[in-house]
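The following block contains a protein sequence and its predicted model.
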Amino acid sequence: MQIEGPKNPSLQAILDKIEQTRNYTPKVGIFGNSGVGKSSLCNALFGKNVAKISDVEACTREPQSIFIGSGKTGIELIDLPGIGEDPARQKEYVALYESLAPELDLVLWTIKADDRNYASGLDAHKQIFGKHEGLPVVFVITQVDKTNPHREWDWTEFTPSEKQVSNIAVKELDVSRRFNISAKNIISVAVGEKNPNEKYNVVELVDLIVEVLPNEKKFSFAREAKEDNVSSESRQKAEKGVWDSIKDFAGDAWDTVKDKVVDKLIESAPKVFAAAASFVSGLFKKWF
Ligand SMILES: Nc1nc2c(ncn2[C@@H]2O[C@H](COP(=O)(O)OP(=O)(O)OP(=O)(O)O)[C@@H](O)[C@H]2O)c(=O)[nH]1
Ligand SMILES: [Mg+2]
């Protein structure tokens with residue numbers, strides 16, 4: 001949700017806005033059936049043990065909100081029970097999702113690669129996103145190592161075989177058609193069951209999320225993702241997102257306050273982003 005700023009905000013209001021944008025806590029809803037791999041994906045994505053993982057019984061029945069982060073910054077993950085597991089509760093779940101939607105900054109809609117019966121999610125998707133069109137959503141096809149022919153998965157490189165790649169593409173196309181969403185918003189991933197370093201397409205997932213988030217939210221998501229999941233391109237986009245949104249917010253005041261604002265923007269960039277120092281100075285030269 002974009003919050004409109006005043007047309008000519010004071011320097012203090014702009015500096016506060018920088019602070020707020022840098023420290024924002026994004027709220028991410030993770031939708032998907034039990035066992036699809038929501039917790040495993042989050043663990044790989046954020047590099048933290050964010051939720052109990054179980055292959056024995058469904059362990060995420062109620063929506064669980066988990067805050068991960070350190071100090072004053074973090075991210076809130078809302079792990080949501082699956083639609084379609086229990087038809088009797090479908091209405092209840094959809095109502096729950098709908099009531100949560102206005103608070104969310106992003107939805108990760110997960111579908112297991114070998115799940116053919118995901119049509120029950122269609123109605124829910126229509127209902128939720130029919131009313132909340134602006135809510136960014138990324139479809140994540142999980143456990144693609146199980147895509148046929150699953151014996152062909154390369155366990156050394158942790159990558160699919162050629163045949164698997166083509167079957168993954170078929171699945172993505174099917175999801176795109178059924179949900180009537182752009183294929184650009186779908187990504188297929190796999191994560192190792194035991195080894196957290198085994199990841200397929202997780203960097204690309206972060207790229208996609210940074211892409212779909214609005215300018216002022218890109219940074220806060222990239223800040224929380226595990227460092228090695230964030231490509232330098234995403235880091236730069238996230239940083240530029242802060243600058244772009246601050247420039248927008250400053251509006252007419254920009255010319256009079258820009259020197260102080262730029263100092264603050266650079267000073268507030270975290271070390272890991274400062275690795276993109278050449279980018280920051282590049283931005284500076286381009287803009288001022
Ligand atoms: N082979 C393979 N197994 C996976 C992958 N992701 C998750 N798993 C396994 O699938 C099972 C379920 O994963 P979870 O992450 O607990 O799934 P969940 O969606 O959080 O399930 P609930 O909490 O019950 O809703 C576990 O045994 C995971 O180790 C993957 O990419 N490949
Ligand atoms: Mg879980």
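Structure received. Numbering: from 1, shown residues only. Ligands and ions are numbered 1, 2, ... in the order given.

ok, the residue of the stretch 1-150 of the chain found nearest ligand 2 to residue 212 distance?
Residue nearest to ligand 2 within the stretch 1-150 of the chain: residue 39 (3.3 Å; C-beta to the ion). Bear in mind the C-beta positions are built from the backbone N, C-alpha and C, glycine included. Note on residue 39: its distance to residue 212, by C-beta to C-beta, to the nearest Å, is 22 Å.

Looking at the two now, which is surrounded by more residues?
Set side by side, residue 39 and residue 212 show more neighbours around residue 39, with 22 against 16, by other C-beta atoms under 10 Å.

Buried ones in stretch 238-258, by neighbour count?
238-247, 249-250, 253-254, 257-258 (16 or more other C-beta atoms under 10 Å).

now swap in stretch 172-181 and tell me
In stretch 172-181, counting by 16+ other C-beta under 10 Å, buried: 172, 175-176, 179, 181.

cool, stretch 13-30 as well?
For stretch 13-30, a neighbour-count test (16+ other C-beta under 10 Å) marks 14-15, 17-18, 21-22, 24, 26-30 as buried.

Take those and lay them out in JSON lines including distance to residue 148 and secondary structure.
Below are these laid out as JSON lines (distance: C-beta to C-beta, whole Å; DSSP: H, G, I helix; E, B strand; the rest coil):
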{"residue": "14", "distance to residue 148": "54", "secondary structure": "helix"}
{"residue": "15", "distance to residue 148": "55", "secondary structure": "helix"}
{"residue": "17", "distance to residue 148": "50", "secondary structure": "helix"}
{"residue": "18", "distance to residue 148": "50", "secondary structure": "helix"}
{"residue": "21", "distance to residue 148": "45", "secondary structure": "helix"}
{"residue": "22", "distance to residue 148": "45", "secondary structure": "helix"}
{"residue": "24", "distance to residue 148": "42", "secondary structure": "coil"}
{"residue": "26", "distance to residue 148": "35", "secondary structure": "coil"}
{"residue": "27", "distance to residue 148": "36", "secondary structure": "strand"}
{"residue": "28", "distance to residue 148": "30", "secondary structure": "strand"}
{"residue": "29", "distance to residue 148": "30", "secondary structure": "strand"}
{"residue": "30", "distance to residue 148": "26", "secondary structure": "strand"}
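
for these, which one is nearest residue 100?
Looking at the buried residues of stretch 13-30 and their distance to residue 100, the nearest is residue 29, at 6.1 Å (C-beta to C-beta).
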